[in-house]
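Asker: sharing a model that was predicted from the sequence below.
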Amino acid sequence: MNGNNLIELSIAIIILTGTIFVFISAIGFIRLPDVYNRAHALSKSSTLGVLFVLLGTFLFFLFMEGYFSIKIFLGIFFVFLTAPVSSHVILRAAYRSQVPMAKESVQDDLKDAIL
């Protein structure tokens, strides 16, 4: 096994890891009971999955093609920066709109702080 095959295998494993995280995120979106839990599953694991896929793509172009893609690098940066923040803002708006929590929820930490 030469160096290129090892690099290709590593990149394939990184991309496969990202797709597994995105798949787990989709399962969490289907199975979880309310908007708060669903958004948590979507924001955390799908962000991580997209970052792994973009990282694998970035490494492929860097090592196999010899091309530093600033577009992919900026995509990684902006997904990492904006996805958790947007999820937080959407959930805060849902909470202020009084979207009910699931009956299984045990604790409401924002009840005294917001309403």
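Answerer: Everything's here; your move. Numbering: from 1, shown residues only.

Asker: host element of the most centrally placed residue in the chain?
Answerer: For the chain, Thr47 is the residue whose C-alpha lies nearest the centre (C-alpha atoms, centre = their mean; 1.2 Å). Thr47 is located in helix 35-63, with elements delineated by DSSP states H and E.

Asker: for that helix, which positions count as buried?
Answerer: 35-39, 41-62 (16 or more other C-beta atoms under 10 Å). In short, each C-beta sits where N, CA and C put it, glycine included.

Asker: then stretch 20-32?
Answerer: If you call a residue buried by 16+ other C-beta under 10 Å, then stretch 20-32 has these buried ones: 21-22, 24-25, 28, 32.

Asker: that stretch: how far from the chain's middle?
Answerer: How far stretch 20-32 lies from its chain's middle: 11 Å, per C-alpha atoms, centre = their mean, to the nearest Å.

Asker: how far away is Gly66 from Met101?
Answerer: Going from Gly66 to Met101 by C-beta to C-beta, to the nearest Å gives 52 Å.

Asker: same check on Leu59?
Answerer: Taking C-beta to C-beta, one finds Leu59 at 41 Å from Met101.

Asker: ok, and the closest non-adjacent residue to Ile24?
Answerer: Of all residues not flanking Ile24 in the chain, Ser45 sits nearest, at 5.3 Å (C-beta to C-beta, 6 or more residues apart in numbering).

Asker: quick one: the one you found from Pro100, how far?
Answerer: Using C-beta to C-beta, Ser45 is found at 24 Å from Pro100.

Asker: the residue nearest to the centre of the chain against Phe78, yeah?
Answerer: No - counting by C-beta atoms under 8 Å, Thr47 does not reach Phe78; the two are 11.3 Å apart.

Asker: which sections of the protein are below the confidence cut-off?
Answerer: Residue ranges of the chain with pLDDT under 70: 1, 115.

Asker: please, where are all the strands along it?
Answerer: In the chain, no segments count as strands under DSSP state E.

Asker: higher neighbour count, Gly66 and Met101?
Answerer: Met101 (16 against 7; other C-beta atoms under 10 Å).

Asker: the more buried one contacts Arg38, correct?
Answerer: No - with contact defined as C-beta under 8 Å, Met101 does not count as touching Arg38 (11.8 Å).
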